[in-house]
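# how would this look folded up:
(chains A and B)
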Amino acid sequence: MIITEQKDLSEILESLEPFRNIFITGCGECAAACKTGGEEEVRQMSETLKHNGFNVTGTTVIDEACHVLLTKRVYREHAKEIGESDCVLVMSCGAGVQATALVLDIPAIPALNSLFLGDTLRFGQFEEYCSMCGQCVLATTGGICPVTRCPKGLLNGPCGGVDNNGMCEVDRTRKCAWVEIYERLKKTGRVERLRRIVPPRDFSRARHPSRRDIRKTENA
Amino acid sequence: MLDKDFIITAELQPPKGPDTSRFIEKARVLKHKVHALNVTDNQRATLRLSSLAGCTILAREGITPVFQVTCRDRNRLAIQSDLLGAHALGIRHVLAITGDDISAGDHKEAKQVFDLDSIQLISIIDNMNKGFSDSGFALQGSTDFTIGAVVNPFSIPEELNLLRFDKKISAGARFFQTQAVYDIDGFKKFMDKVAGRGVKILAGILLLKSLRMAHFINQNVPGVMVPDNLMEELETSSVPLMKGMEIAARIIRELKGVSDGVHIMAMGMEERVPEILEMV
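Next up is the predicted model:
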């Protein structure tokens, strides 16, 4: 899921400064799980904005704020409140903010920063394991991604920054991803695979903006 | 450089500004004392004059430069372009390094590149020596670089460390400059394990300038440990820098016949390197 954090209130208020009538949109998917854009956070934001002198015209939590057609439908149901609003404060990742911007004529203002694609370890605890590089290497790295979990994204083993406890020099609270990969492969007798020199990554696979249309790719 | 019986190289850090007068002074002091001088590439991710410019200045001074290239600040296009430029300017030795993380330095908010890692970089230079770019087109001429790499003899897990060392060799590395060595016995064991690889190994000599520096190394430099007896020597000495130089000279002496040479990192005290070498 997409991990988000709420922006500092001062930044949100600064973005809203030109406006008075605000509609607030949350997201029932990732932002709800991050406690940044679910029903409760939307309610709290509504209170905060009222305290700061804004008029909150209405609120909604869209099941998936990044789903453009769904978003359009939900706003249609709120046509009256949207009509009275100067802008929409969107409490979702950047994909959700842009879906709102796409389907409405009034400005969509982000309340959150989008951080990373996260695995949920337990409630509210997320780790970045995948950075969507477009060339998955997990088959040869024991199911541990060096592109994401090594700060330098190294493909041929660790750098010189592994300390005596196997921890990463860049963040000593983390084990070196390559030490983890090595230990995992060692257990299954597959260390020899690491002898192969892995060529440089094809960064064209992860170039922005990406597009995918499964109707076209399936026919291709 | 690699044909000497006992190869002596040293590291020279380029200035943190455009004034190269001290850099040139130090280079001249070292000129006939070492076989080659490495010029660091924004070491510790802190801004310095470029390694390429530093190497060019050394070449003009009649000193053999070792062009240090890290993967942190440039992509494969920029690195190859710099390498071609370096070759045209007379530079023939390259040390390929992954590079410290950007968070270690003085431009923490900058984008770090790591388009390549050190092993991929070695392969690319090896290809350029064969007359090809990384994308496979034939260059107008081929380069003639002697490729170096780094290794920490004490890094663990050992099997992973040696595997990476061997990958560097199969990618094209011909010499190694190691992380700092203080534990001679441990280093000998490393040399035994890597014997017969056909590459030159220059043991890293990191000058201990003070007890504080030794503590810093023990706490912050992965895989390097200044042993207790050396800590004691520094602690009881009235002139720790002199003691550090003595220790460096002693280690160099003990390494003769063990390694193929040494690489001296004097951390700003390069003008004292000749004295260290005389003490050997």
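# What separation do you get for A:Leu49 and chain B?
A:Leu49 is 31 Å from chain B, where distance means CB to the nearest CB, to the nearest Å. For glycine as for every other residue, the C-beta is placed from the backbone atoms N, C-alpha and C.
# helices or strands up against whichever strand or helix holds that residue?
In the assignment (DSSP states H and E), A:Leu49 maps to helix A:39-51. On a contact count with 3 or more CB pairs under 8 Å, 6 or more residues apart in numbering or on different chains; DSSP states H and E, helix A:39-51 meets strand A:21-27, strand A:55-62, strand A:87-91.
# Please dump those into a markdown table; it should also carry mean pLDDT, distance to B:Phe132 and mean neighbour count for every row.
Shown next, in a markdown table, are the helices and strands packed on helix A:39-51 (pLDDT from 0 to 100; distance: least, CB to CB, whole Å; neighbours: other CB atoms under 10 Å in any protein chain shown):
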| stretch | mean pLDDT | distance to B:Phe132 | mean neighbour count |
| --- | --- | --- | --- |
| strand A:21-27 | 98 | 50 | 26 |
| strand A:55-62 | 98 | 53 | 19 |
| strand A:87-91 | 98 | 50 | 26 |
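# closest one to chain B among these?
strand A:87-91 (26.4 Å; CB to the nearest CB).
# Can you give me the buried ones in the helix holding A:Leu49?
A:41-42, A:45-46, A:49 (16 or more other CB atoms under 10 Å in any protein chain shown).
# Which of the helices or strands spans the residue most central in space within chain B?
Nearest residue to the geometric centre of chain B (CA atoms, centre = their mean): B:Gln177, 5.4 Å. Here B:Gln177 sits within strand B:175-180, counting by DSSP H and E.
# what does that strand contact?
A:160, B:2, B:7, B:9, B:38, B:95, B:146-155, B:165, B:168, B:187, B:199-206, B:217, B:221, B:223-224, B:260, B:263, B:265 (CB atoms under 8 Å, 6 or more residues apart in numbering or on different chains).
# got the CA coordinates for it in CSV?
C-alpha atoms of strand B:175-180 as CSV (Å, rounded to 0.1, in the frame of the first residue of the first chain):
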residue,chain,number,x,y,z
PHE,B,175,45.2,-4.0,-8.3
PHE,B,176,43.6,-3.4,-5.0
GLN,B,177,44.1,-0.7,-2.4
THR,B,178,42.7,-2.0,0.9
GLN,B,179,40.9,-0.4,3.8
ALA,B,180,43.2,0.5,6.7
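# Just give the strands next to it in its sheet, each with its orientation.
Next to strand B:175-180 in the sheet, as set by DSSP bridges, lie strand B:146-151 (parallel), strand B:200-206 (parallel).
# So which residues on chain A come close to chain B?
A:151-164, A:166, A:169-170, A:178-179, A:182-183, A:186, A:191, A:194-195, A:197-201, A:203 (CB under 8 Å from any CB of the partner chain).
# Mind checking which of those residues are buried?
For those, a burial check counting by 16+ other CB under 10 Å picks out A:151-163, A:166, A:169-170, A:178-179, A:182-183, A:191, A:194, A:198, A:200-201.
# just to revisit the earlier point, immediately after the strand holding B:Gln177, which helix or strand?
helix B:184-193.
# just checking, what packs against that next one?
helix B:240-255.
# May I see the domains of chain A written out as residue ranges?
Using automatic domain parsing, the domain parsing of chain A gives A:2-116, A:133-201.
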